[in-house]
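1. all I have is the shape, not the residue letters:
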């Protein structure tokens, strides 16, 4: 066993004395030691139930002959961090989580790991750690939140809550109406109920083969989630016995499968940051261009919130991620020979899977669109690419041209939107919010929700070198690369410049001649860093561009 490094032989007597200090018996010490990485905390609604999940995992490990030992991982609630300096600390935690988990796992020589994440950055952070440490590992999340219900019976969710603020600013919703959303949008523990980033990543953890069926969709409050956690605890012992490791599962074919499922589900654009970063840790390189190639032949089968009016609990009842994968596999779009955490191939896992509700998961013959949920755009404004959740864009905004309204921070942009300075036809440009420039690449749910809530979602586009919450809808184009702080063309845009967007064609153009752009480039001076001390300053020095997954070098 790997843990023999800390518990076998006279030379390890000092190490064993410390294991005895934990209250472990000789019998427990003699068994495989399994690290249970729990992201439980009392500030994130998606994590408030993870203590129960961790106890169920530990019960499963013990039942299968292992000794569970729990240690923590941090997590930020993006919704609570949204709209202020706290959002600068969201994406950057992904690397803190990966680094600290690596340190704990190797320092203590665990034989296997069970990762218990739930929200936006700790799911990819722990996947990165799993690939880096490469000991037998399985994932079980805390599960999605139930959809809310307003007083009139309509179902609702967090994205509606943010848009309600925009409606209030526009005078179309009163304070009591906002209160109705506030009290009912988030009715339970769990990751927010739409196909936002947390649920996208938990679904893709299934798709990539690192979690059991139901991990992405079983609602957090259900007892089925506790049973799943026990099964994960038992299954990690089988992975240890057979020495099946993350890099045996997270292969190039598995990442291709995950991106295909991503397109079919209509996942968050943040997956275009996280999948390349996870792949990098696994020794696999994937590019933004690959996303368009996969999207070209992968139909979009699901329209969960914010793209539509269905929620994660509906997807679960319809058969979950496995039902979506079964349809894709039948069409020859997945490599079903890949190994998974069940110890079986994907083909074996999909036996008997079927779509139980074609209004939730559309059949291949009747998709929402013949192409995937995410599109990558390129052009002189984004030479290295940018991304948009095309499944959540109104048809009339798939092609758009308008004057640039330029802001050097999210704060300035949201003030202008609330002050009704943005008009139909405009293209809002928010820059110096990228990985380096932010630093930290803030999510822009406040401005995008304000635009939609104020009735401009079908007439105004937003472009940024920052990123978006999975709850964002509309013609919201993020991850513009190179970013402004790196001297990218987005730094050269001036108020009133025409910008042309064609999502179907995959293009984004700043309609300014090259001579003018060259003159602007010669005069451009990079602004002083917004943050000069602490972790964010160190992060800004190491982080790469969004098109590379904002990995650290």
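-> Now that the structure is in, tell me what you want to look at. What you see is a predicted model; the values in this text were computed from it and never measured.

2. beta partners of the closest residue to residue 312 other than its chain neighbours?
-> The spatial neighbour of residue 312 that comes closest, neighbours along the chain excluded (Cβ to Cβ, 6 or more residues apart in numbering), is residue 144 at 3.7 Å. In short, each C-beta sits where N, CA and C put it, glycine included. On the basis of DSSP bridges, residue 144 is bridged to residue 191.

3. quick one: residue 144 and residue 158, what's the gap?
-> Between residue 144 and residue 158 the distance, using Cβ to Cβ, to the nearest Å, works out to 11 Å.

4. can you give me the strands for the stretch 351-500 of the chain?
-> Taking DSSP state E, counting those that start in this stretch to define them, one finds strands in the stretch 351-500 of the chain at 375-379, 382-388, 399-407, 427-430, 461-464, 476-481, 498-502.

5. returning to that earlier point: contacting residues around the residue nearest to residue 312?
-> Contacts for residue 144 (Cβ atoms under 8 Å, 6 or more residues apart in numbering) come out as 190-193, 198-199, 202, 216-217, 219-220, 311-313.

6. which of these fall within strands?
-> The subset of the contacts of residue 144 located in strands under the criterion DSSP state E is empty.

7. from the residues you listed, which ones fall inside helices?
-> Secondary structure of the contacts of residue 144 is defined by DSSP state H; positions in helices are 198-199, 202, 312-313.

8. OK, contacts around the residue nearest to the spatial centre of the chain?
-> For the chain, the residue nearest the mean C-alpha position is residue 197 (3.5 Å; Cα atoms, centre = their mean). Contacts of residue 197 were listed using Cβ under 8 Å, 6+ apart, and they are 78, 120, 268, 270-271, 469-470.

9. what pLDDT is listed against the residue nearest to residue 312?
-> At residue 144 the predicted local distance difference test score is 98.

10. can you give me the helices for the stretch 301-450 of the chain?
-> The residue ranges that make up the helices of the stretch 301-450 of the chain, judged by DSSP state H, counting those that start in this stretch, are 312-317, 320-330, 346-349, 410-418, 445-453.

11. save those helices as TSV, and put in distance to residue 43 and mean neighbour count too.
-> Listed next are the helices of the stretch 301-450 of the chain as TSV, based on distance: least, Cβ to Cβ, whole Å; neighbours: other Cβ atoms under 10 Å:
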stretch	distance to residue 43	mean neighbour count
helix 312-317	22	22
helix 320-330	28	23
helix 346-349	35	17
helix 410-418	22	20
helix 445-453	18	27
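
12. and residue 140, which of the ones you listed is closest to it?
-> Residue 140 lies closest, by Cβ to Cβ, to one member of the helices of the stretch 301-450 of the chain: helix 320-330, at 14.0 Å.

13. mind giving me the packing neighbours of that closest one?
-> Using 3 or more Cβ pairs under 8 Å, 6 or more residues apart in numbering; DSSP states H and E as the contact definition, the elements that helix 320-330 packs against are helix 197-207, helix 252-265, helix 346-349.

14. tell me what angle that helix forms with helix 197-207.
-> Counting by axes from the mean of the first three to the mean of the last three Cα atoms, to 10 degrees, helix 320-330 lies at 50 degrees to helix 197-207.

15. any idea which element residue 52 lies in?
-> Here residue 52, judged by DSSP states H and E, is contained in helix 50-63.

16. so what touches the helix or strand that that helix is followed by?
-> Taking DSSP H and E as the definition, the helix or strand that follows helix 50-63 towards the C-terminus is strand 67-72. Counting contacts by Cβ under 8 Å, 6+ apart, the residues outside strand 67-72 that touch it are 22, 24, 28-29, 31-40, 54, 57-58, 61-62, 104, 108, 110, 114, 233.

17. so how do I select the buried members of those residues in PyMOL?
-> Applied in PyMOL, the following selects the buried portion of the contacts of strand 67-72 according to 16 or more other Cβ atoms under 10 Å:
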select buried, resi 24+28+29+31+32+33+34+35+36+37+38+39+40+54+57+58+61+62+104+108+110+114+233
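
18. show me the contacts of strand 67-72 that map onto strands.
-> The subset of the contacts of strand 67-72 that ends up in strands is 33-38, 114, with DSSP E as the criterion.

19. of those, closest to residue 431?
-> When the ones in strands among the contacts of strand 67-72 are compared for distance to residue 431, the smallest value, 36.6 Å, is given by residue 37; criterion: Cβ to Cβ.

20. you'd agree residue 100 is up against residue 93?
-> No. The pair formed by residue 100 and residue 93 falls short of the contact definition of Cβ atoms under 8 Å, at 9.8 Å.

21. mutual contacts of those two, please.
-> Taking Cβ under 8 Å, 6+ apart as the contact criterion, the common neighbours of residue 100 and residue 93 are residue 74.

22. residue 476 touches residue 468, doesn't it?
-> Yes. Taking Cβ under 8 Å as the definition, residue 476 is a contact partner of residue 468 at 5.3 Å.

23. can you list residues touching both of the two?
-> Counting by Cβ under 8 Å, 6+ apart, the residues touching both residue 476 and residue 468 are 389, 444, 448.

24. and the contacts of stretch 546-553?
-> When contacts are taken as Cβ under 8 Å, 6+ apart, the neighbours of stretch 546-553 outside the stretch itself are 91, 95, 273-277, 279-280, 287-288, 384-385, 434-435, 441, 465, 467, 478-481, 483, 539, 542-544.

25. which among those end up buried?
-> Counted by 16+ other Cβ under 10 Å, those give 91, 95, 273-277, 279-280, 287-288, 384-385, 434-435, 441, 465, 467, 478-481, 483, 539, 543-544 as buried.

26. list just the nearest of the shared contacts of residue 476 and residue 468 to residue 175.
-> The shortest gap between residue 175 and any of the shared contacts of residue 476 and residue 468 belongs to residue 448, at 22.4 Å (Cβ to Cβ).

27. so what's the closest residue to the closest one other than its chain neighbours up against?
-> The spatial neighbour of residue 448 that comes closest, neighbours along the chain excluded (Cβ to Cβ, 6+ apart), is residue 472 at 4.4 Å. Contacts of residue 472 were listed using Cβ under 8 Å, 6+ apart, and they are 159, 269, 306, 389, 392, 443-445, 448-449.

28. and what of residue 30?
-> If a contact means Cβ under 8 Å, 6+ apart, then residue 30 has residue 7 as its contacts.

29. quick check, pLDDT for it.
-> pLDDT, the model's per-residue confidence, is 97 for residue 30.

30. from residue 67, how far out is it?
-> Taken as Cβ to Cβ, the span from residue 30 to residue 67 is 9 Å.

31. now residue 512
-> In this structure, residue 512 and residue 67 are separated by 64 Å, where distance is defined by Cβ to Cβ.

32. equivalent analysis for residue 440, please.
-> Look at residue 440 and residue 67: by Cβ to Cβ, they are 38 Å apart.

33. if you count what's nearby, which of those two comes out ahead?
-> residue 440 (29 against 21; other Cβ atoms under 10 Å).

34. point out where this structure drops to low pLDDT.
-> The model of the chain has no residue with pLDDT under 70.

35. show residues contacting the longest helix along it.
-> Of all the segments of type helix in the chain, defined by DSSP H, the longest one is helix 223-242. The list of residues contacting helix 223-242 from outside it, by Cβ under 8 Å, 6+ apart, reads 32, 34, 52-54, 56-66, 68, 111-114, 116, 136-140, 142-143, 211-212, 214-215, 218-219, 245, 341-343.
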